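Undergrad: quick one: sequence plus predicted model below, questions after.
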Amino acid sequence: SGNSAGTTSIDGGQAEYVRVPYASSTLVKRPKEIPEDMLVLMGDIFPTGYFAASRFLKSVPQEEAKSSTTVVVGCGPVGICAIAEASGWCDNIIAVDLVPERLEEARRLGARPILLSDDPVSKVLAVTEGRGADVVLEVVGNAAAMKLAFLCQCRMKLEEAPEAYEIFSARKVHKVLLGP
């Protein structure tokens, strides 16, 4: 099943054969000069990673994007493609995964690897001087990964709202959650 939170979804398919609803309006014919085996990632994996990164980073001014911190949660094939695309926009990419070999691939692409069991939230906050990530790309597709994506934020008591506003206004944090 496709992972299109909040939208109508067309289920994905990674198989030898797949039925494609609305094929006449959603498929693009392969250019004859490009071999089929070169396009294996283009049906799903690469575009998902590409659009995950470019969707958010392309609207940020270039200078700001370069200095932004992007965290990619998940370094499977989609995550690696997201890291490859994000590296064209920003210099500070942090990769979070539970498989050391995947993190090694992310490191080769220029990302700073953090093992999931090594408290990635505190490490992201430490690297960003408590500010947190500018962009978080959750490319795993499960609830635990989504929860991790939302943990990189600042929490303060409601009574501290004036101070929260000051640190937010000074761009020391991206989001402040006020609570009891």
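TA: Thanks, I have the structure now.

Undergrad: only C-alpha atoms for contact and neighbour calcs from this point on.
TA: OK.

Undergrad: quick one, what contacts Asn99?
TA: Quick fix: residue 99 is Val, not Asn. With contact set as Cα atoms under 8 Å, 6 or more residues apart in numbering, Val99 has these partners: Leu115.

Undergrad: stretch 18-35: how far from the chain's middle?
TA: Offset of stretch 18-35 from its chain centre (Cα atoms, centre = their mean, to the nearest Å): 26 Å.

Undergrad: distance between the ends of it?
TA: The first and last residues of stretch 18-35 sit 20 Å apart, counting by Cα to Cα, to the nearest Å.

Undergrad: before we move on, what about stretch 61-76?
TA: In stretch 61-76, first residue to last residue: 28 Å (Cα to Cα).

Undergrad: mind listing the helices in this protein by residue range?
TA: Using DSSP state H, the helices found in the chain span residues 23-26, 45-57, 62-67, 77-86, 100-108, 120-127, 143-151, 161-169.

Undergrad: pLDDT below threshold where in the protein?
TA: Along the chain, the parts satisfying pLDDT under 70 run over 1-15, 41, 143, 145-154, 171-175, 177.

Undergrad: name the stretch among the helices of the chain that sits most buried.
TA: Most buried of these, by mean neighbour count (mean count of other Cα atoms under 10 Å): helix 77-86, with a mean of 24.

Undergrad: tell me how far the residue nearest the centre of the chain lies from Ser68.
TA: What sits nearest the mean C-alpha location of the chain, by Cα atoms, centre = their mean, is Leu137, with 1.5 Å. Using Cα to Cα, Leu137 is found at 13 Å from Ser68.

Undergrad: please put the alpha-carbon coordinates of stretch 49-59 into CSV.
TA: Output in CSV follows, covering the C-alpha atoms of stretch 49-59 (Å, rounded to 0.1, in the frame of the first residue of the first chain):
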residue,chain,number,x,y,z
GLY,A,49,13.6,10.0,-2.4
TYR,A,50,14.2,12.9,-4.8
PHE,A,51,10.8,14.5,-4.2
ALA,A,52,11.1,14.0,-0.4
ALA,A,53,14.2,16.2,-0.4
SER,A,54,13.5,18.6,-3.2
ARG,A,55,9.9,19.3,-2.1
PHE,A,56,11.1,21.1,1.0
LEU,A,57,14.6,22.3,0.1
LYS,A,58,13.9,23.9,-3.3
SER,A,59,11.7,26.6,-1.7
